[in-house]
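Trainee: Need coordinates for the below:
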Amino acid sequence: MSDLGSHVRPVGFADDLVRVWEVIGRKPDYWDRNVAFVANLLGMFFGNEEETRMLADRVGEMDSYGGRLLPILNIVYAGSGENLLVLERAPDPYLEEYFSGTAGLSLPDVAILTHEDYVRIGAGDVPESGEVVELVEQMADLSTEHIDGYVTDAALTGLADALGKRTCSTMEGSRRGNNKWLLHDYLESEGLPVPLTAIAEDSSEVRGCLAAMERAGFHGGVVKAPMGASGIGLMKVDSLADCDAVANAVPQHFFREGPCLVQGWLSPGQFGVTAVRSPSAQLFLSDESIIIFDLTEQILSGDSVHEGNESPPPYLSDRPEWREELLRQAAVASHWLHDQGYRGPASVDFLVTEHGGGKCTVYVCEINARVTGATYPSVLARHFMPRGCWLLRNLRFEEPVPGKKILDLLKDSHDLFVPGESEFGVLPVNFNSGRDGLIHKGQFLCLASSPTDSKLLHRIVELDLPCRFDRD
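Mentor: Prediction:
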């Protein structure tokens with residue numbers, strides 16, 4: 001059994017008005033309220049259409065990603081159970097049956113609303129008749145007074161006003177909470193470590209900022225837009241000797257939310273760094289408190305694109321002082337997020353550089369003020385196995401397959417997680433379907449009692465699924 005800690009304890013300062021609590025190893029208390037949740041990934045960039053198109057091109061099957069909320073919505077919004085999940089595409093019926101039947105989860109009601117209709121309604125352009133009107137009336141009739149989404153943007157706020165309901169976060173809190181430039185300024189003011197950074201007010205200043213990183217001894221660098229997700233809004237520079245080409249390629253939409261951060265890229269072999277880690281603290285913010293309910297390790301591609309997560313970070317088991325520093329900085333960063341007006345699930349992402357003698361430097365990289373790719377597995381893992389370990393990977397199938405076939409294969413090979421029967425197993429979190437109605441990609445959560453077992457379970461699943469795939 002992994003030693004994740006099964007206690008509740010305060011993190012931060014005793015005189016904080018809003019306390020930060022560590023509950024790792026226990027199922028946390030979320031909201032005692034219901035919600036209508038609009039799961040629309042295309043709204044994540046607050047109207048920045050260029051970044052939205054880039055995200056759609058990179059991720060694929062965007063309109064089926066909201067299904068990841070299906071198994072967790074009634075856990076996080078744990079009121080009377082009258083929750084409504086508004087998706088762009090209906091979830092796979094066989095996966096829905098697995099959640100409600102085999103896994104024993106309470107599921108929200110589901111309604112369908114396209115991205116185009118969502119934007120229209122948010123702008124006050126509600127048609128006089130049809131399915132959209134019926135959905136608006138259904139949402140208005142819900143007993144809950146709250147509406148939520150990945151971010152609280154103008155469209156969600158407009159929809160809330162039209163329904164006579166309240167958003168869980170303020171629009172300003174949601175927007176500012178996701179802004180890397182504003183966070184960077186705060187971290188510096190609090191004396192927390194930050195990587196060497198230059199501020200580029202527009203694209204004409206990027207080259208000079210990159211040159212400053214080269215003079216400081218860095219081999220590579222990175223340009224970060226204030227707003228981004230899944231590698232969008234981030235340009236990595238592998239060699240600062242070629243910074244001219246990169247500087248000329250930084251698009252203007254990177255500067256929509258403010259200046260860009262230009263930073264040196266910390267990597268092994270430079271400045272005494274022997275290894276680089278990417279942990280993340282999973283948070284839940286209510287009006288009264290901030291809860292840290294999981295510590296995870298991000299699985300990143302060479303371009304820092306998120307590909308999966310695991311918990312706990314395997315290197316923390318014999319480095320308690322690293323763990324404490326992560327929690328301390330998570331408390332500082334999450335207080336800032338709370339002050340902006342954001343409420344709900346979030347994460348603080350870190351960069352940890354390891355040096356000789358077991359020493360390290362911890363940097364807060366960014367805050368994701370929204371449900372993230374690690375929220376789904378963390379909530380489910382802490383629900384089913386509070387002190388367990390987990391690994392989540394995205395698998396894209398070379399040949400699209402029916403959802404029923406995937407579930408049947410997992411069940412027949414005894415890999416499928418069955419609460420009350422399984423000490424370990426695979427829980428399919430979501431299936432991403434294409435226009436053909438088949439499953440092109442899925443998110444698979446491996447639940448086990450140790451990090452080694454969760455990795456082994458994932459390898460077994462790769463062997464048991466007789467269809468070729470890539471980790472995505």
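
Trainee: What is the helix or strand that Leu337 is a member of packed up against?
Mentor: For Leu337, the element it lies in under DSSP states H and E is helix 320-340. In this structure, helix 320-340 packs against strand 9-11, strand 19-22, helix 171-177, helix 180-189, strand 279-285, strand 289-300, strand 344-354, strand 360-368, with contacts taken as 3 or more Cβ pairs under 8 Å, 6 or more residues apart in numbering; DSSP states H and E. All C-beta atoms are positioned from the backbone trio N, CA, C, and that covers glycine.

Trainee: which residues are contacting it?
Mentor: 11-12, 16, 18, 20, 22, 172-173, 176-177, 183, 186-187, 190, 192, 279, 281, 283, 285, 290, 292, 295, 315-316, 346, 348, 350, 352, 360, 362, 364, 367, 369 (Cβ atoms under 8 Å, 6 or more residues apart in numbering).

Trainee: give me the low-pLDDT residue ranges for this structure?
Mentor: Along the chain, segments meeting pLDDT under 70 span 1-8, 12-16, 42, 56, 59-62, 129, 301-306, 466-472.

Trainee: Which residue would you name as the spatial centre of it?
Mentor: Central residue of the chain (Cα atoms, centre = their mean): Thr372, 1.5 Å from the mean position.

Trainee: just to revisit the earlier point, ok, which of the helices and strands packed on helix 320-340 comes nearest Ser143?
Mentor: Checking the helices and strands packed on helix 320-340 against Ser143 by Cβ to Cβ gives strand 344-354 as the closest, at 19.9 Å.

Trainee: got the contact list for the residue nearest to the centre of the chain?
Mentor: Pro345, Ala346, Ser347.

Trainee: In ChimeraX, select just the buried ones from the contacts of helix 320-340.
Mentor: Those of the contacts of helix 320-340 that count as buried under 16 or more other Cβ atoms under 10 Å are selected in ChimeraX with:
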select :11,12,20,22,173,176,177,183,186,187,192,279,281,283,285,290,292,295,315,316,346,348,350,352,360,362,364,367,369
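
Trainee: As JSON lines, the helices and strands packed on helix 320-340 with distance to Val110 would be great.
Mentor: Shown next, in JSON lines, are the helices and strands packed on helix 320-340 (distance: least, Cβ to Cβ, whole Å):
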{"stretch": "strand 9-11", "distance to Val110": "37"}
{"stretch": "strand 19-22", "distance to Val110": "32"}
{"stretch": "helix 171-177", "distance to Val110": "24"}
{"stretch": "helix 180-189", "distance to Val110": "34"}
{"stretch": "strand 279-285", "distance to Val110": "23"}
{"stretch": "strand 289-300", "distance to Val110": "26"}
{"stretch": "strand 344-354", "distance to Val110": "20"}
{"stretch": "strand 360-368", "distance to Val110": "25"}
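
Trainee: Looking at these, which is nearest to Gly217?
Mentor: So among the helices and strands packed on helix 320-340, strand 344-354 is nearest, using Cβ to Cβ, at 14.4 Å.

Trainee: Which neighbouring elements make contact with the closest one?
Mentor: Packed next to strand 344-354, using 3+ Cβ pairs under 8 Å, 6+ apart, are strand 275-277, strand 279-285, helix 320-340, strand 360-368, helix 375-384.

Trainee: Need the winner for burial among the ones you listed.
Mentor: strand 279-285 (a mean of 26; mean count of other Cβ atoms under 10 Å).

Trainee: tell me what that strand is packed against?
Mentor: Under the contact criterion of 3+ Cβ pairs under 8 Å, 6+ apart, strand 279-285 touches strand 289-300, helix 320-340, strand 344-354.

Trainee: With distance to Asn394 added, can I get these in CSV?
Mentor: CSV is the format used below for these (distance: least, Cβ to Cβ, whole Å):
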stretch, distance to Asn394
strand 289-300, 9
helix 320-340, 25
strand 344-354, 17
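
Trainee: Nearest to Val273, out of those?
Mentor: Using Cβ to Cβ, those put strand 344-354 closest to Val273, at 4.7 Å.

Trainee: Taking strand 360-368 as reference, get the angle to that closest one.
Mentor: Using axes from the mean of the first three to the mean of the last three Cα atoms, to 10 degrees, the direction of strand 344-354 lies 150 degrees away from that of strand 360-368.

Trainee: starting at the chain centroid, how far to strand 344-354?
Mentor: Chain-centre distance of strand 344-354: 11 Å, with Cα atoms, centre = their mean, to the nearest Å.

Trainee: relative to helix 320-340, how tilted is it?
Mentor: Using the same axes, to 10 degrees, strand 344-354 lies at 140 degrees relative to helix 320-340.

Trainee: where exactly do the strands run in the stretch 351-472 of the chain?
Mentor: 360-368, 389-401, 425-433, 439-448, 469-471 (DSSP state E, counting those that start in this stretch).

Trainee: Which of the ones you listed sits closest to Phe254?
Mentor: Using Cβ to Cβ, these put strand 360-368 closest to Phe254, at 14.8 Å.

Trainee: which neighbours does that closest one have in its sheet, and in what orientation?
Mentor: strand 344-354 (antiparallel) (DSSP bridges).

Trainee: what about Ala245, how many residues close to it?
Mentor: Close neighbours of Ala245, defined as other Cβ atoms under 10 Å, add up to 8.

Trainee: Surely it forms part of a strand?
Mentor: No. Using DSSP: H, G, I helix; E, B strand; the rest coil, the secondary structure at Ala245 is helix, not a strand.

Trainee: any idea how far it is from His253?
Mentor: 19 Å (Cβ to Cβ, to the nearest Å).

Trainee: Over to Ala275?
Mentor: 34 Å.

Trainee: Then Val276?
Mentor: 29 Å.

Trainee: what's the answer for Lys27, then?
Mentor: In terms of Cβ to Cβ, Lys27 sits 41 Å off from His253.

Trainee: ok, now Ser334?
Mentor: 29 Å.

Trainee: and what of Arg207?
Mentor: 18 Å.

Trainee: just Phe46 next, same as before
Mentor: Counting by Cβ to Cβ, the gap from Phe46 to His253 is 12 Å.

Trainee: now Glu324
Mentor: When Glu324 is compared with His253 (using Cβ to Cβ), they lie 39 Å apart.

Trainee: list the contacts for the closest residue to Asn368 other than its chain neighbours?
Mentor: Sequence neighbours aside, Ser347 is the residue nearest to Asn368 in space, at 4.7 Å (criterion: Cβ to Cβ, 6 or more residues apart in numbering). Going by Cβ under 8 Å, 6+ apart, Ser347 touches Ser280, Ala281, Gln282, Leu283, Ile367, Asn368, Thr372, Ala374, Thr375.

Trainee: burial count for Gly425?
Mentor: 21.

Trainee: same question, Ala162
Mentor: 16.

Trainee: In three-state terms, how would it be classified?
Mentor: helix.

Trainee: Now do the same contact list for it.
Mentor: Ile121, Gly124, Val126, Val136 are the contacts of Ala162 under Cβ under 8 Å, 6+ apart.

Trainee: Look up how far Met171 lies from it.
Mentor: In terms of Cβ to Cβ, Ala162 sits 15 Å off from Met171.

Trainee: try Ala448
Mentor: From Ala448 to Met171 the distance is 40 Å (Cβ to Cβ).
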